[in-house]
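Novice: Okay, predicted coordinates and the sequence, questions at the end:
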Amino acid sequence: MRILSLQSGTSVDGIDVAVVDIDEVDPTDRPAVRLTSVLGRTVPWSGRTRDLLLSAVEGHALTPADFVRMDTLAGQEFADAAAGAADKTGGVELAVSHGQTLHHWVDGGHARGTLQVGQPAWIAERLGVPVLSDVRSADIAAGGEGAPLMGLFDRAWLAREAARDGRPVATVNLGGIANVQIVEPDGGLIAFDSGPANALIDAAVARATGGLQGQDTDGVLAASGRVEEALLAELLAHPYFTAPVPKSTGRETFDLSVVDAAAERAGVQPDLADLVATLTALTARTVADAVRSSSSRVPSRAIVSGGGTRNPALMRALSAVLGLHGVDVRPSDALGIDADHKESLLFAFIGYLSWHGIPAELPGTPRGRARVLGRLSLTPDAVPGRRLRGVAGLTLAAESAEAVSR
């Protein structure tokens, strides 16, 4: 089955689009599928749409007209990116659009709702195939966290390796927010958001440069700066880091107001290089703490993906901290999975599961309440059930029943 996946991360730096072939294989002991990446690319947002999305992500007020315009423009740009990829690869059978997250509502330590935009009807209309979207809400409604979803992929990918080695294997995704997955030797899974990855670094650089730069390219700022230990200590005192798992978070929790308040408490005003060095250390420390303390045994290795793998300063810091505990850190590229597009493979995998009616078992979901993820935008040629020949001449019979209360 050929599936196209679309998503835009919390940094709002572009649309990741991938085309993936998923085929059943004939294993000896359990069902298995093979994923083959056909295409992976990132398509930049237009300036107008990105400005609208960033404004919403950063919590600025939107009118209903603004919201409709943003949802529509994002859907149209997702559709354009999808059409280009589908044309290049000879067509697809299903599209999965995660959309652009605006807000992940967490209250009382648990997710209560989530909102992604990018109207999927535009994608379905453009491609002429069904589109699966809103892939987190069903899990939240069933009592789960709706995040992180990467554990679904990693358990299927790494369970045999963990069983063979007799030690857990950790994976880390360094997007705007960092998520950590621990695959246990017995097939168990621990998965949660550990805190910020690139979100605070990107926001600090963007504010200091008036938006001319949006990231610490190649980790140059972090490498040239000095960690402000007093500020780092204040940031590490944030209650999220000691909250029990499962847990999830987003940019609505970790924004620059958190950094500014911590700097005021610490009595420091670092320059940009020192601030970025400190925020890089924060990501490395909190990710490392999550990896080493979430299982009864320290994992043998941590496989890292996401945009943060392209930041040498962050990878050096993470390797240094985890190396103290004997954890080998390597990018997923070393195992044949493009670190920039692993999430795209994940969403294609979710599409395959949902299309076949397979519930997704996530660590934060109450036992027995796993749900099939997402909702479908259908096309005329892909409507489930027996096809009618149109509505012209269709007869509707209706009966009423009298309700009797006693």
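Specialist: Looks like it came in fine. Residues are numbered from 1 along each chain as shown.

Novice: going forward, measure contacts and count neighbours with C-alpha atoms only.
Specialist: Noted.

Novice: What ranges does the stretch 1-150 of the chain have for its helices?
Specialist: For the stretch 1-150 of the chain, applying DSSP state H, counting those that start in this stretch gives helices covering 47-57, 64-89, 120-127, 137-141, 150-165.

Novice: meant to ask about the stretch 301-406 of the chain, not that
Specialist: Here the stretch 301-406 of the chain has its helices, by DSSP H, counting those that start in this stretch, at 312-323, 342-355.

Novice: Can you say which of these is nearest to F153?
Specialist: Judged by Cα to Cα, the one of those that comes nearest to F153 is helix 342-355, at 5.8 Å.

Novice: Just put the helices of the stretch 1-150 of the chain in a markdown table and tack on mean pLDDT and distance to R330.
Specialist: Below are the helices of the stretch 1-150 of the chain laid out as a markdown table (pLDDT from 0 to 100; distance: least, Cα to Cα, whole Å):
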| stretch | mean pLDDT | distance to R330 |
| --- | --- | --- |
| helix 47-57 | 91 | 31 |
| helix 64-89 | 97 | 29 |
| helix 120-127 | 98 | 35 |
| helix 137-141 | 95 | 31 |
| helix 150-165 | 91 | 15 |
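
Novice: can I assume K342 is in contact with I303?
Specialist: No. At 11.3 Å, K342 does not count as touching I303 under the criterion of Cα atoms under 8 Å.

Novice: Poorly predicted segments of the chain, please.
Specialist: For the chain, the stretches flagged by pLDDT under 70 are 26-30, 383-406.

Novice: Can you give the domain ranges for it?
Specialist: Domain segmentation of the chain under automatic domain parsing yields 2-148+343-377, 166-336.

Novice: Would you reformat the ones you listed as TSV and include mean neighbour count and distance to L158?
Specialist: Formatted as TSV, the domains of the chain follow (neighbours: other Cα atoms under 10 Å; distance: least, Cα to Cα, whole Å):
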stretch	mean neighbour count	distance to L158
domain 2-148+343-377	19	12
domain 166-336	20	7
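
Novice: Among these, which comes closest to R155?
Specialist: Here domain 166-336 is closest among the domains of the chain (Cα to Cα), at 5.9 Å.

Novice: Just the endpoints, please. Distance across that closest one?
Specialist: 22 Å (Cα to Cα, to the nearest Å).

Novice: repeat for stretch 6-19
Specialist: End-to-end distance for stretch 6-19: 9 Å, by Cα to Cα.

Novice: do the same with stretch 129-141
Specialist: End-to-end span of stretch 129-141 (Cα to Cα): 27 Å.

Novice: cool, stretch 370-380 as well?
Specialist: Taking Cα to Cα, stretch 370-380 runs 30 Å from one end to the other.

Novice: And the strands in the stretch 251-400 of the chain, which stretches?
Specialist: Using DSSP state E, counting those that start in this stretch, the strands of the stretch 251-400 of the chain run over 301-305, 328-331, 375-377.

Novice: For the lengthiest strand in the chain, name the packing helices and strands.
Specialist: Across the chain, the longest stretch assigned as strand under DSSP state E is strand 94-107. The elements that strand 94-107 packs onto, with contact taken as 3 or more Cα pairs under 8 Å, 6 or more residues apart in numbering; DSSP states H and E, are strand 2-8, helix 47-57, strand 110-117, strand 131-133, helix 342-355.

Novice: can you dump the C-alpha coordinates of that strand into CSV?
Specialist: Only the C-alpha atoms of strand 94-107 are listed here, as CSV (Å, rounded to 0.1, in the frame of the first residue of the first chain):
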residue,chain,number,x,y,z
LEU,A,94,-4.0,7.1,1.1
ALA,A,95,-2.8,10.3,2.6
VAL,A,96,-2.2,11.0,6.3
SER,A,97,-2.0,14.6,7.4
HIS,A,98,-1.0,15.3,11.0
GLY,A,99,-1.5,19.0,10.3
GLN,A,100,0.0,21.8,12.3
THR,A,101,-0.4,21.7,16.0
LEU,A,102,-1.7,25.0,17.5
HIS,A,103,-2.3,23.8,21.1
HIS,A,104,-2.0,20.7,23.2
TRP,A,105,-4.3,21.3,26.2
VAL,A,106,-2.9,19.7,29.4
ASP,A,107,-4.8,20.2,32.7
